[in-house]
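sequence and computational prediction follow.
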Amino acid sequence: MMCDQNNPASSSLLTEMDRKVYREELQERLPEKIFDCHVHLWARDAFPADSKRDASDYMNYFACSFPVERWEALLRELLAGKEVWYNAFSMPDGAVKLAMAPRCRFNMSLVSPFDPVEVLEERMEKNCSIGVKPYWNFARKNAADTEIRDMMTPAQLAMLNRRKAIVTLHIPRPGRFEDPCNQRQMVELCETYPGIDFIFAHIGRAYFMRNIRKSNLEELAGYSNCFFDTAMLNHEGVFRYTLDHFPAERILFGSDAPIALLHGKSVEINNAYCYLCAENYRIGSMVYVPGMREKFTLFYYEQLRSLLEAIPQELQQQIFFQNAFTLFTGKERQ
């Protein structure tokens, strides 16, 4: 794979500012146990050796690999003094080898709608996967036209329902959580496949207030197999609204590492959002702010800051750890 080997992540991902933020603002306030349910891990051989990437691709920041060993070593610095559990899946990139999954206790296999059911089930067995991670780009449709139902087939869903699997789903379409098609199909999934626990990632991609206010969050609250993770959000208002309209016992902490290990912050602007980034790598709607790497902190820490402000103290242990622990270890026993 053609990658940039000369990047700041080659040594330490954390700056002195990061360490200061963790030491002074986060370490004492965070629960002693944390379960990160949304992590991407992959070894270099998860992609063909001749894969090429644009220089702006954020995967170059990590030398195009982020394996289990590196993540676990980093966690000792990133969340020093905490007991950390996590669930991981590979990077849902168009060139990735779908058959591979991270070798960790809790993992999910990638799934394409073109995978025969028997192939997917064999993949899950081989990877010891607790569930699957579909992604809109595997549907091979225009991004704006992709629907949730394009991401997995009824036969795949029936198998996952039988296995009582977990599905972490990044909803498609430009309208995100306020899109009526997404709303309807999220409900249909939860109704039709009660044996599957659906984790809708990024709180339905509601990175700004209008998107969460125009969602069908309260309708989805009525389905016990509907969960949301908080990955890559740092909007206190979105977190507070979610807690006011959805059961706290089905909200899970997730980070979206390693993207969350870049330096920056997501900000709302006129019913939209953008990432202010200190590293010039492409992630979503981003604006590069040169010279700020030593002044910004990690997206990971910005997420923790916002969650600690938004979540009542009596719910923090539940959302940061217990909800995911209960869900994932319960599935493990089946």
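Noted; the coordinates are in hand.

pretty sure residue 72 sits in a helix.
Yes. When DSSP: H, G, I helix; E, B strand; the rest coil is applied, residue 72 is found to be in a helix.

how close does it sit to residue 218?
39 Å (C-beta to C-beta, to the nearest Å). (Each C-beta comes from the backbone N, C-alpha and C, glycine too.)

okay, those two: which has more neighbours?
residue 72 (13 against 10; other C-beta atoms under 10 Å).

and that one, how far from residue 232?
21 Å.

just residue 138 next, same as before
Taken as C-beta to C-beta, the span from residue 138 to residue 232 is 20 Å.

and if you look at residue 75?
From residue 75 to residue 232 the distance is 18 Å (C-beta to C-beta).

neighbour-wise, which of those two wins?
residue 232 (25 against 18).

how about that one, nearest residue that isn't a chain neighbour?
Residue nearest to residue 232 in three dimensions, not counting chain neighbours: residue 256, with 4.0 Å by C-beta to C-beta, 6 or more residues apart in numbering.

is the one you found in contact with residue 231, as I believe?
Yes. Using C-beta atoms under 8 Å, residue 256 is in contact with residue 231, at 3.9 Å.

helices of the protein, start to end?
Listed in chain order, the helices of the chain (DSSP state H) span 16-21, 68-78, 117-127, 154-163, 180-192, 202-205, 209-213, 217-220, 236-245, 299-310, 313-317, 323-333.

in the stretch 101-250 of the chain, where is pLDDT below threshold?
Within the stretch 101-250 of the chain, no range satisfies pLDDT under 70.

on that earlier part again, residues in contact with the residue nearest to residue 232?
38-40, 202, 231-232, 299 (C-beta atoms under 8 Å, 6 or more residues apart in numbering).

ok, residue 163 to residue 331 distance?
Residue 163 is 9 Å from residue 331, by C-beta to C-beta.

ugh, wrong one, I meant residue 125
Counting by C-beta to C-beta, the gap from residue 125 to residue 331 is 15 Å.

and if you look at residue 321?
Counting by C-beta to C-beta, the gap from residue 321 to residue 331 is 16 Å.

before we move on, back to that, neighbour count winner among residue 125 and residue 331?
Comparing residue 125 with residue 331 by neighbour count (other C-beta under 10 Å), the higher total belongs to residue 331, at 16 against 11.

contact partners for the more buried one?
130-131, 164-166, 197.

one more time with 6 Å, if that's ok
130, 166 (C-beta atoms under 6 Å, 6 or more residues apart in numbering).

before we move on, what about residue 253?
So residue 253 contacts 230, 319-320 (C-beta under 6 Å, 6+ apart).

returning to what we had before: okay if I get the helices of the chain as a markdown table plus distance to residue 103?
Formatted as a markdown table, the helices of the chain follow (distance: least, C-beta to C-beta, whole Å):
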| stretch | distance to residue 103 |
| --- | --- |
| helix 16-21 | 28 |
| helix 68-78 | 6 |
| helix 117-127 | 8 |
| helix 154-163 | 20 |
| helix 180-192 | 29 |
| helix 202-205 | 25 |
| helix 209-213 | 36 |
| helix 217-220 | 33 |
| helix 236-245 | 32 |
| helix 299-310 | 23 |
| helix 313-317 | 29 |
| helix 323-333 | 15 |
